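Novice: coords please:
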Amino acid sequence: MITVQIPTSECTAHFVYEISNLGQLFVNGTSSQVSGGTQGYIWYWGDGTTSDGATPHHTYAQSGVYNVCLVVWNDANNCEDEFCQMITVQIPEINCTNFVAAFTYEINGNIISLQSTTANAASWLWTLNNVVFSDNSTPATEIQSGVNSVCLSVTNTEGCTNMICEAVEIPAADAIELPVNMIQEKMNLNWSTANENKTASLQIYNTLGQLIYQEKLNYQSVGLQLYELDTKFLAQGCYIIKIDFGKNKMATNKFYKLP
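Specialist: Below is the predicted model of the structure:
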């Protein structure tokens, strides 16, 4: 009598899973029975993609019901088994309407200090005149006179992005034309300014560095400023004239007072 033994399957596929509210599916196929030889796992995610390994994860692009299947095999026993589950994926819609980029700034001389006031921002990208200069929330950088374009692009943890740009105007530095080197009774000064209601300080020193004369120059309008200084009180000799506009803006020149 001949006894025939029909081999039983050595492979039993099975898995458990968890899914996040962002569409990430975490699976664990270690509960499958696959013993001996080379073991294999192939996952079919139901969206046309596959993975291998016993504990992979997968992110879905959109909500839906997906037929997720695990196929296990063992080459020693030439066994194979498949296990499938219908898994519902729900990805919440992201509302980016209320995520709005905003910032404030202060200018000190030629330095602009910026601060993002965007609520719930997770990352920042700043550009000055289309050149990236920082990814911090509170950067500072040098800025040139004239009209500058400052832009802030922000992103939150949900993937919303928003950008804001502002034109930041830095007035041109005051320019002054100092007098000729030799004068007699009068000194004619002229300068151009881009600011209103400003005060400059005029100072005259002798060659020993002693302050001989000081006066405040007031002007209320922008553009060309003219001023005539009576110098009859000065004795004959060499002098230094300085006009200080503040914020490190100063003009200096030497002149000789004729008798």
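Novice: for stretch 156-166, give me every contacting residue.
Specialist: For stretch 156-166, the external contacting residues (CB atoms under 8 Å, 6 or more residues apart in numbering) are 94, 96, 99-103, 105, 118, 120-122, 149-155. (C-beta placed from N, C-alpha, C; glycine too.)
Novice: between the two ends of it, how far is it?
Specialist: Counting by CA to CA, to the nearest Å, the length from the leading to the trailing residue of stretch 156-166 is 21 Å.
Novice: list the buried residues for it?
Specialist: For stretch 156-166, the buried set under the neighbour-count rule, 16 or more other CB atoms under 10 Å, comprises Asn156, Cys160, Asn162.
Novice: quick one: low-confidence parts of the stretch 151-259 of the chain?
Specialist: Flagging of the stretch 151-259 of the chain using pLDDT under 70 yields the residue ranges 171-181, 191-197, 220, 247-249.
Novice: quick one, strands of it?
Specialist: 161-170, 175-177, 182-183, 186-193, 198-206, 211-219, 223-230, 237-246, 249-257 (DSSP state E, counting those that start in this stretch).
Novice: ok so, going back, ok, of the contacts of stretch 156-166, which come out buried?
Specialist: In the contacts of stretch 156-166, burial by neighbour count holds for Phe99, Ala101, Phe103, Thr118, Ala121, Val150, Cys151, Leu152, Ser153, Val154, Thr155, counting by 16+ other CB under 10 Å.
Novice: check which helix or strand covers the nearest residue to Tyr105 once chain neighbours are set aside.
Specialist: Counting by CB to CB, 6 or more residues apart in numbering, Tyr105 lies nearest to Leu114, which is 4.7 Å off, once chain neighbours are set aside. Following DSSP states H and E, the helix or strand that holds Leu114 is strand 111-116.
Novice: what distance separates that strand from the middle of the whole chain?
Specialist: When C-alpha coordinates are averaged (CA atoms, centre = their mean, to the nearest Å), strand 111-116 and its chain have centres 11 Å apart.
Novice: can you name the element that comes right after that strand?
Specialist: Beyond strand 111-116 in the direction of the C-terminus, DSSP H and E gives the next helix or strand as strand 123-128.
Novice: now the following helix or strand past that next one: mean pLDDT?
Specialist: Following the chain from strand 123-128 toward its C-terminal end, the next helix or strand by DSSP H and E is strand 131-134. Within the predicted structure, the mean pLDDT of strand 131-134 is 94.
Novice: mind giving me the packing neighbours of strand 131-134?
Specialist: Packed against strand 131-134, as judged by 3 or more CB pairs under 8 Å, 6 or more residues apart in numbering; DSSP states H and E, are the following elements: strand 123-128.
Novice: using PDB, list the CA coordinates for the strand it packs on.
Specialist: Listed in PDB are the C-alpha atoms of strand 123-128, where the atom choice follows Å, rounded to 0.1, in the frame of the first residue of the first chain:
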ATOM      1  CA  SER A 123       8.800  78.300   8.300                       C
ATOM      2  CA  TRP A 124       9.800  81.700   6.900                       C
ATOM      3  CA  LEU A 125      11.600  82.800   3.700                       C
ATOM      4  CA  TRP A 126      12.600  86.500   3.300                       C
ATOM      5  CA  THR A 127      13.700  88.200   0.100                       C
ATOM      6  CA  LEU A 128      15.100  91.700  -0.500                       C
END
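Novice: direction included, what does that strand pair against?
Specialist: Strands adjacent to strand 123-128 in the sheet, as given by DSSP bridges, are strand 131-134 (antiparallel), strand 146-155 (antiparallel).
Novice: closest one to Leu202 among these?
Specialist: Leu202 lies closest to strand 146-155 among the strands paired with strand 123-128, at 27.6 Å (CB to CB).
Novice: between strand 161-170 and that closest one, find me the angle.
Specialist: Counting by axes from the mean of the first three to the mean of the last three CA atoms, to 10 degrees, strand 146-155 points 160 degrees away from the direction of strand 161-170.
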